[in-house]
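K.L.:
Sequence and predicted structure below; questions after.
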Amino acid sequence: MSFKNSKVAVIGAGNVGSTTAYSIINQGLCEEVLLIDVNRDKAYAEALDMKHAVYFMNRNIKVKAGGYEDLADADIAVITASAPMPKDSHNRLEMLAPSMNIIKSIVNSVMESGFDGIFIVVSNPVDIMTYYTWKVSGLPSSRVIGSGTALDTARLCCSLADRYDLDAKNVETFILGEHGDTEMISWDSSTIGGKYLSDVLIDNAERTKDLNREQLLAEVKQAGWEIFNRKGNTCYGIAASTTAIIKSILFNENRILPVSVWVDGQYGIDGAYLSVPTILGADGAKEIVEIRLTNDERSALRHSAEVVSAFYRELNI
């Protein structure tokens, strides 16, 4: 792909899809953005609204609504469409059954167009839907990536930074595993300004005397629901994290992000889609980075892989 001719298709023009598309054009990441939705009027209206917004931006990006037949020359296809969250549910895995048919129909339609780019899957349950997209599409696993725990990681960084009145970019940590209840934090590799987090907590005990690891992880897991329960969706954070993934691919940045990729042998895991630090470049998932984990952390990551992969047999592939 080239910067000049790059094209990104966003499938699903709901809150997440539309915000992602707007984030892409606001950052001027590609030459063309295509919106696709089963509700063609909604996709048309969102695209037209964004087209008018481009007038005030730094780059003249083409924004239009279209169909799957327009995907043959797309570099990236972002899948945000999914079944609605069951009422009163706080478990993304409950979306599995209703989302399967939606994802299968989308992926088959995309591949029938002649698409030969990279899939980024945002739809929940994201790790399982990414695996499903990989299997249905027949593409190499390196070109099927889930948004995973990139946003969860950002939430942890923000939570820690708030406690020390810092820019969240000074915090370096990763949340690994399932984007869900079994996700875990790589505590021993976490740093703030180059200082190990464990040392920061000890040296600032008075400031954070009521803080512990379990509370931090619980806060991260609950953050999305805090937003969802109050406004019915989360869109800005997931759109921004997805845009960062897209940018690293289109610009060949080789940025390391915790995204859902096929882990087969790394960390002692025998084949599962889940989030681990991954180098993202022009060809997709370039390389999994194996950071040093404690025995307990490694066990937690393997448990997360087992939980996710247990659902594979329900996919009827």
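P.N.:
Good, I have the coordinates.
K.L.:
hey, let's count contacts and neighbours off CA atoms from now on
P.N.:
Will do.
K.L.:
Wait, a strand at Lys209?
P.N.:
No - applying DSSP: H, G, I helix; E, B strand; the rest coil, one finds Lys209 to be coil, outside a strand.
K.L.:
State the distance from it to Leu201.
P.N.:
8 Å (Cα to Cα, to the nearest Å).
K.L.:
neighbour-wise, which of these two wins?
P.N.:
Using other Cα atoms under 10 Å, the more surrounded residue of Lys209 and Leu201 is Leu201, with 15 against 10.
K.L.:
low pLDDT regions in this structure?
P.N.:
Along the chain, segments meeting pLDDT under 70 span 1-4, 85-95.
K.L.:
According to the record, where do the domains of it fall?
P.N.:
By the assignment in automatic domain parsing, the chain contains the domains 7-146, 150-315.
K.L.:
what's the first-to-last distance across the shortest one?
P.N.:
If I follow you right, that is domain 7-146. Length of domain 7-146, first residue to last, Cα to Cα: 19 Å.
K.L.:
Okay, strands next: where are they in the chain?
P.N.:
7-11, 32-36, 62-65, 76-79, 118-121, 144-146, 171-172, 175-176, 184-185, 191-192, 195-196, 255-264, 270-281, 284-288 (DSSP state E).
K.L.:
okay, those strands in a markdown table with distance to Ser18 and mean neighbour count next?
P.N.:
Below are those laid out as a markdown table (distance: least, Cα to Cα, whole Å; neighbours: other Cα atoms under 10 Å):
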| stretch | distance to Ser18 | mean neighbour count |
| --- | --- | --- |
| strand 7-11 | 8 | 26 |
| strand 32-36 | 8 | 24 |
| strand 62-65 | 11 | 21 |
| strand 76-79 | 11 | 26 |
| strand 118-121 | 15 | 27 |
| strand 144-146 | 18 | 31 |
| strand 171-172 | 29 | 22 |
| strand 175-176 | 26 | 28 |
| strand 184-185 | 30 | 22 |
| strand 191-192 | 34 | 19 |
| strand 195-196 | 38 | 15 |
| strand 255-264 | 21 | 24 |
| strand 270-281 | 23 | 24 |
| strand 284-288 | 23 | 21 |
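K.L.:
need these in JSON lines with distance to Glu219, can you?
P.N.:
Compiled in JSON lines, these are given as follows (distance: least, Cα to Cα, whole Å):
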{"stretch": "strand 7-11", "distance to Glu219": "30"}
{"stretch": "strand 32-36", "distance to Glu219": "34"}
{"stretch": "strand 62-65", "distance to Glu219": "37"}
{"stretch": "strand 76-79", "distance to Glu219": "27"}
{"stretch": "strand 118-121", "distance to Glu219": "24"}
{"stretch": "strand 144-146", "distance to Glu219": "22"}
{"stretch": "strand 171-172", "distance to Glu219": "16"}
{"stretch": "strand 175-176", "distance to Glu219": "13"}
{"stretch": "strand 184-185", "distance to Glu219": "12"}
{"stretch": "strand 191-192", "distance to Glu219": "18"}
{"stretch": "strand 195-196", "distance to Glu219": "20"}
{"stretch": "strand 255-264", "distance to Glu219": "18"}
{"stretch": "strand 270-281", "distance to Glu219": "19"}
{"stretch": "strand 284-288", "distance to Glu219": "27"}
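K.L.:
and of these, who's closest to Tyr55?
P.N.:
With Cα to Cα, the closest approach to Tyr55 among these belongs to strand 62-65: 10.8 Å.
K.L.:
what's the most buried one of the domains of the chain?
P.N.:
The highest average neighbour count among these, using mean count of other Cα atoms under 10 Å, belongs to domain 7-146 at a mean of 20.
K.L.:
Centre of the chain to that domain, how far?
P.N.:
12 Å (Cα atoms, centre = their mean, to the nearest Å).
K.L.:
Could you work out the end-to-end span of stretch 57-70 for me?
P.N.:
25 Å.
K.L.:
How about residues contacting it?
P.N.:
In this structure, residues lying in contact with stretch 57-70 by Cα atoms under 8 Å, 6 or more residues apart in numbering are 25-26, 28, 30-36, 40, 43-44, 47-48, 50-51, 54, 109-110, 113.
K.L.:
try 7 Å
P.N.:
Stretch 57-70 has contacts (Cα atoms under 7 Å, 6 or more residues apart in numbering) with 25-26, 28, 30-36, 43-44, 47-48, 50-51, 54, 109-110, 113.
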